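Student: structure for this input, please:
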Amino acid sequence: MSLICSISNEVPEHPCVSPVSNHVYERRLIEKYIAENGTDPINNQPLSEEQLIDIKVAHPIRPKPPSATSIPAILKALQDEWGWPSSPALPQSSQWPTLSQDAVMLHSFTLRQQLQTTRQELSHALYQHDAACRVIARLTKEVTAAREALATLKPQAGLIVPQAVPSSQPSVVGAGEPMDLGELVGMTPEIIQKLQDKATVLTTERKKRGKTVPEELVKPEELSKYRQVASHVGLHSASIPGILALDLCPSDTNKILTGGADKNVVVFDKSTEQILATLKGHTKKVTSVVFHPSQELVFSASPDATIRIWSVPNTSCVQVVRAHESAVTGLSLHATGDYLLSSSDDQYWAFSDIQTGRVLTKVTDETSGCSLTCAQFHPDGLIFGTGTMDSQIKIWDLKERTNVANFPGHSGPITSIAFSENGYYLATAADDSSVKLWDLRKLKNFKTLQLDNNFEVKSLIFDQSGTYLALGGTDVQIYICKQWTEILHFTEHSGLTTGVAFGHHAKFIASTGMDRSLKFYSL
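Tutor: Numbering: from 1, shown residues only. Prediction:
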């Protein structure tokens, strides 16, 4: 094995070893380095010429480099190989490396040392930068979580945590019964009178309208020509796909509200195609959303057992209503705009005040002992319907908090219910691939829309005039009421359709799906 000088990286003519670093050097080069620095070039320990130890080796025969084509180079090679004496005309072989060559070698060695040091410093700096980025990301995540927790834990007079209340059927949690964070107010005479007054006004307005259809309403022949005109997929997270809930602002149907599997609530402006607000705070997916008709408030419900009331301009949560112990499955706003109806897996429905966040009353049907899957107010607000896991539709009197009618006939959990604006019809859907229409005056099923086998229905809604019925699920289908015939069928969603809604006077139709898209249909 050849000896290599640690400075020049060449085979030394006069090799020596440093006892300080145990490295081999060309004696000529190491002596110059010691004269300049007084240290070993490898570890920078003090070193003197007297400490150097010569190494006795056989006379090296250097390989012929490509440059060995000149006469002096050939003579030098022959001299090295055969031991010929030096020509008087030529300098001794020990004098061939010039002083300038030695300086270049020493300078090159110094540069290599500096390069190695710089590489180590750069590597250290990069590790520090990576660690700093990780710390910043962790702190940012912790700050976001702390802000969300602060919004959740903000002191609120109306924060209610219910307890199971044993009682005869139906079981009613009313005023004076203990709760963790307060007492239920109950249905006071003032609240009941307010509900009655609003129902009277709405009934009078409905009678004035009679059976007249608004002139601005899109005609069936025009509606049948609707096609998809827009699709938006950037509202919710791509990593957790799925829009699970949809609602339109009653006073401005260009404002769209969606709830996603990514736990977020999004307010979208159809006219500008811009996101107005992204509301974060739920700890699980958002399954129900409702727009307030006159205030800049929106409502959302989630399997995290909370109902959140949001201020859109401030993009903040202003109330957290804890009316249930299990997942909230349904949400509906009363016609007064002051009260929320909610249903839950805990088998209770709850009636809450949106201004205070207080739960006014909670009721369950203990004879059923079954989770509720959905809830919806009648347009007048004095009655409402709930769907159950055991395929029952129950109609309740809000003032008396009693179950006044049941509509059997479905098989499988009820997935959606919708009241017509005319106040007479109720549409219901379940996991049996059918939609049933009920006459609330006669309390009977007068029409069943039998869909294809394995067709899933996740959303039902009538337009504001009660002329059209839309259903969303496997596909989007639009029916004209009274004739109950299909006039539109959309298959644009690549996943299950989870929500469908009509624009003002049915000027457009909106739908959402598990493909995380919001789609619009019109002429």
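Student: please, where are all the helices along this structure?
Tutor: Remark: helices assigned in the chain by DSSP state H are 27-37, 71-82, 99-153, 189-209, 220-223.
Student: save the ones you listed as CSV, and put in mean pLDDT and mean neighbour count too.
Tutor: Where you see a C-beta, it was placed from the backbone N, CA and C, and this is true even at glycine. Below are the helices of the chain laid out as CSV (pLDDT from 0 to 100; neighbours: other Cβ atoms under 10 Å):
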stretch, mean pLDDT, mean neighbour count
helix 27-37, 90, 18
helix 71-82, 70, 13
helix 99-153, 83, 11
helix 189-209, 89, 13
helix 220-223, 94, 15
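Student: what's the closest of those helices to I395?
Tutor: Closest of the helices of the chain to I395 is helix 189-209, at 15.2 Å (criterion: Cβ to Cβ).
Student: hang on, the earlier thing: save the helices of the chain as JSON lines, and put in distance to P408 too.
Tutor: JSON lines is the format used below for the helices of the chain (distance: least, Cβ to Cβ, whole Å):
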{"stretch": "helix 27-37", "distance to P408": "100"}
{"stretch": "helix 71-82", "distance to P408": "109"}
{"stretch": "helix 99-153", "distance to P408": "40"}
{"stretch": "helix 189-209", "distance to P408": "27"}
{"stretch": "helix 220-223", "distance to P408": "33"}
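Student: quick one: buried residues of the longest strand anywhere in the chain?
Tutor: Secondary structure assigned by DSSP state E gives strand 252-260 as the longest strand of the chain. Across strand 252-260, burial judged by 16 or more other Cβ atoms under 10 Å covers T253, K255, I256, L257, T258, G259, G260.
Student: any idea which helix or strand in this structure has the lowest mean pLDDT?
Tutor: One helix or strand of the chain scores below all others by mean pLDDT, DSSP states H and E: strand 171-173, with a mean of 44.
Student: point out where this protein drops to low pLDDT.
Tutor: Under the criterion pLDDT under 70, the flagged ranges of the chain are 1, 59-69, 77-101, 151-184, 210.
Student: okay, now the domains of it?
Tutor: The chain breaks down into these domains under the TED database: 1-64, 189-522.
Student: circling back: by contact count, what packs against the longest strand of the chain?
Tutor: Applying 3 or more Cβ pairs under 8 Å, 6 or more residues apart in numbering; DSSP states H and E, we find strand 252-260 packed against strand 243-249, strand 264-269, strand 288-291, strand 497-502.
Student: can you list contacts of the longest one?
Tutor: Strand 243-249 is contacted by residues 235-236, 255-261, 285-291, 293, 298, 300, 459, 498-503, 510-514, 516-518 when judged by Cβ atoms under 8 Å, 6 or more residues apart in numbering.
Student: now it against strand 252-260, angle please.
Tutor: Counting by axes from the mean of the first three to the mean of the last three Cα atoms, to 10 degrees, strand 243-249 lies at 160 degrees to strand 252-260.
Student: sorry, back to before: so which of the helices and strands packed on strand 252-260 is the most surrounded?
Tutor: Sort the helices and strands packed on strand 252-260 by mean neighbour count, taking mean count of other Cβ atoms under 10 Å, and strand 497-502 sits at the top with a mean of 26.
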